[in-house]
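1. I would like the atomic coordinates for the input below:
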Amino acid sequence: MFRKLTFFLWVIPLITLSFYCSPKINQYENLLDAVFAKPEYLSLHRDSVRLNIQGALPIRYLSTDVRIDFYPEYQYGDAALKLGMFTPFDGEYAVPHSETRINRSIVFPYLPGMEKGKLVLKAQLTKKGRSYIIPEKRLAIGLNTAPLLARIGQITPDEPIQEIGRYMEVDFSGMATQELREFMIPFYLGSTNFDGLPEPLLNLLQRGESGMQVNEIKIVGLHSPESAEISQIDLPRKRAEQLKTGVYAQIGSSTVPTSIAFRKNDWFDFRLLLSDYEELSADEKEQFYQILQTDLGFEDKLRQMKKLKSFNQVARDIFPKMRSAKVTVVLENTKLSDPEISANVYKLLKENQPINDFSIEHLVYAGQQAKRLQEREAIYAKLIALAPSALSFNNLGVVYLNQAQRELGLWQRNELINKAIEMFRQSNRDKPSAIAMHNLGRALILRKDYFDAYVAISEASGLERDENNHFLRYNEGIRGALDIINGDYKLAVIRLNRSPENEVNLFNKGLAYFLAEEHGQAAVAFEESVQVNREFGYGFYGLAMIAASNRDRQALYEYLQKAIEQSAYLKERALYDIQFAPYREEREFMRLF
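-> This is a model prediction of the structure:
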């Protein structure tokens, strides 16, 4: 019993002494009561978060032997971003006549995941060499990342992957799929006899031409203005018929439609030959043209020409060339009408087979018709090897761009983006264009390099002069979305008013109005987005944000339900979106999820 009493007599004084010697943690627990963050809800501005820590420190805690240090940090997930340290009061340098006012500006970079975090303030008070840890205070919950809602082709898990970038294309619809090959066949003077078909015509009729099919043969018989020629009334017709017989003898059948015609007492062919004749001066040629333009008959014109000094020279050099018949072979470009051309070209390239039967034009056509990215990649890579051009570089870059859009591996994705960027720069080096500059901007967006992307997209608009051009309006839509991310909401509205009125641009316009706090205009744009496409849930989400700001609970839950039914991404976002923070504990809100 005595031993136990002795033990307590020793322990009690030790505990009492320890209590009086230790820092009194709780005596400063109210130090941060008047400290707060402004704005109350943190917001993303461009690529950073800006805030002010404001308030006051009570005079009762301040003295010449006191120093107070603040340690703000942003906590999110398992991470914490320390925002430095500052000293709002140091008694060594400040005289505590009244409470100390605080106004500290802080800027920190936005990192993915911060929208679910909180801003806390830690503090330490030092007095007479002793340190007292002040209980941390939560200054703000969450982060308003509404600008990141701007749609610029992002991939979300439940939405179709968008094709991004623009291919350069050749308008084959306006191009004739038919091509002509013309041959002049000389005849003997005043005769229907000739020395046979020239070798190029024989090769064409017997072997054909790669990618071409002979559809029709046209033969026109001619004669010269020489006496031995014009004295025979039917000479041009007989020459045409004789030539037709010779053609059929070579092709072995008459399955190819062949037509004959003839020109008699006509100066048309002479005019063509005279224009290419280089032995006369322009003045001498003009003398002939003046006669040809008169209303005189064929023989009268010939008599007038004979009076010219240069007639004998012309008669010697040009007239013999008119003792002829013209053969026109009409070829159909079968490669440009073959729906399987891209698959055939890709198969040859994949098997490392020669593609001698395909011209550059065929490869361009095949690239445009190809449906799969790997087909286009092979075709445009071959085009670059054979005939590098702004089109081939740009189009291969678009292929890389869309491959990156679909790539899950970060290293592979970045490699594809870098390859796309190099292709677009090569295209612009070859020939600067609005399309290649736009595509460069899209690649930089994928790399999240928004500043350089905005520069490239803006240059693309500068290269396109036509204000009504569809591409320019499309480009302005992307430019407006970047304005939102950059925090230029009024400028974004101007851009988006010029863009095509589809569900994406209308939503982005509504978002710009919303962030500029023009809720009336925002509601109109969001409603128009819904009207264009009700399955695009972003318009409903925008209307839900407006309803939340107006504290219209009925509209909030109606629109939010429609939004999250269309998009799993929006459903997940709504759970942490600071716009809906005041309603998150309500039963109606929780019922939606």
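
2. Correct me if wrong, but Asn52 is in a helix.
-> No: using DSSP: H, G, I helix; E, B strand; the rest coil, the assignment for Asn52 is strand, not a helix.

3. Any idea what it is bridged to?
-> Counting by DSSP bridges, Asn52 is bridged to Lys38, Ser105.

4. I'd say it and Val107 touch.
-> No: at 10.3 Å, Asn52 does not count as touching Val107 under the criterion of Cβ atoms under 8 Å. Where C-beta positions appear, they are placed from N, C-alpha and C, glycine not excepted.

5. how about Leu274, secondary structure?
-> helix.

6. give the contact list for it.
-> By Cβ atoms under 8 Å, 6 or more residues apart in numbering, the contact set of Leu274 is 280, 285, 288-289, 314, 318.

7. again, 7 Å this time
-> Going by Cβ atoms under 7 Å, 6 or more residues apart in numbering, Leu274 touches 285, 288, 318.

8. Return the members of those residues classed as buried.
-> Taking 16 or more other Cβ atoms under 10 Å as the criterion, what is buried in the contacts of Leu274 is 288, 318.

9. from the contacts of Leu274, which is closest to Gly190?
-> Closest approach to Gly190 among those (Cβ to Cβ): Ile318, at 17.1 Å.

10. For the closest one, which non-adjacent residue is closest in space?
-> Closest residue to Ile318 apart from its sequence neighbours, by Cβ to Cβ, 6 or more residues apart in numbering: Leu273 at 5.0 Å.

11. count of residues packed around the one you found?
-> By other Cβ atoms under 10 Å, the residues close to Leu273 number 15.

12. How about Leu272?
-> By the criterion of other Cβ under 10 Å, Leu272 has 10 neighbours.

13. Distance-wise, check it relative to Leu292.
-> Note on Leu272: its distance to Leu292, by Cβ to Cβ, to the nearest Å, is 11 Å.

14. which stretches of this protein have low pLDDT?
-> Applying pLDDT under 70 to the chain flags residues 1-26, 173-177, 211, 252-254, 334-343, 348, 351, 356-357, 467-468.

15. Contacts only, for the residue positioned nearest the centre of it.
-> Central residue of the chain (Cα atoms, centre = their mean): Gly165, 2.7 Å from the mean position. Counting by Cβ under 7 Å, 6+ apart, Gly165 touches 398, 401-402, 439, 442.

16. Tell me where the stretch 151-300 of the chain has helices.
-> Per DSSP state H, counting those that start in this stretch, the stretch 151-300 of the chain carries helices over the ranges 199-207, 227-230, 235-251, 268-276, 282-292, 298-305.

17. Report the buried residues of whichever strand or helix holds Asn418.
-> Under DSSP states H and E, the secondary-structure element containing Asn418 is helix 410-430. Across helix 410-430, burial judged by 16+ other Cβ under 10 Å covers 413, 416-417, 419-428, 430.

18. Now flag whichever of those residues is closest to Asp78.
-> Arg413 (24.6 Å).

19. I figured that closest one hits Gln403, correct?
-> No: if you go by Cβ atoms under 7 Å, Arg413 and Gln403 don't touch, sitting 8.8 Å apart.

20. quick one: the nearest residue to Asp33 once chain neighbours are set aside and Lys116, what's the gap?
-> Excluding its sequence neighbours, the residue lying closest to Asp33 (Cβ to Cβ, 6+ apart) is Pro58, at 7.8 Å. To Lys116, Pro58 is 33 Å away according to Cβ to Cβ.

21. do the same with Val364
-> Computed as Cβ to Cβ, the Val364 to Lys116 distance reads 49 Å.

22. Between these two, tell me which one has more neighbours.
-> Taking neighbours as other Cβ under 10 Å, Val364 and Lys116 compare with Val364 leading, 23 against 14.

23. where's that one, which helix or strand?
-> Going by DSSP H and E, Val364 is in helix 360-369.

24. Moving C-terminal from that helix, which element do we reach first?
-> helix 373-386.

25. Pull out the buried residues from that next one.
-> 373, 375-380, 382-384.

26. Who are the packing partners of it?
-> In terms of contacts (3 or more Cβ pairs under 7 Å, 6 or more residues apart in numbering; DSSP states H and E), helix 373-386 is packed against helix 341-350, helix 360-369, helix 390-406.

27. Would you state the strands of the stretch 101-250 of the chain in chain order?
-> 118-127, 130-141, 178-186, 212-221 (DSSP state E, counting those that start in this stretch).

28. Which strand or helix spans Leu474?
-> Quick fix: residue 474 reads Tyr, not Leu. Per DSSP H and E, Tyr474 falls inside helix 470-485.
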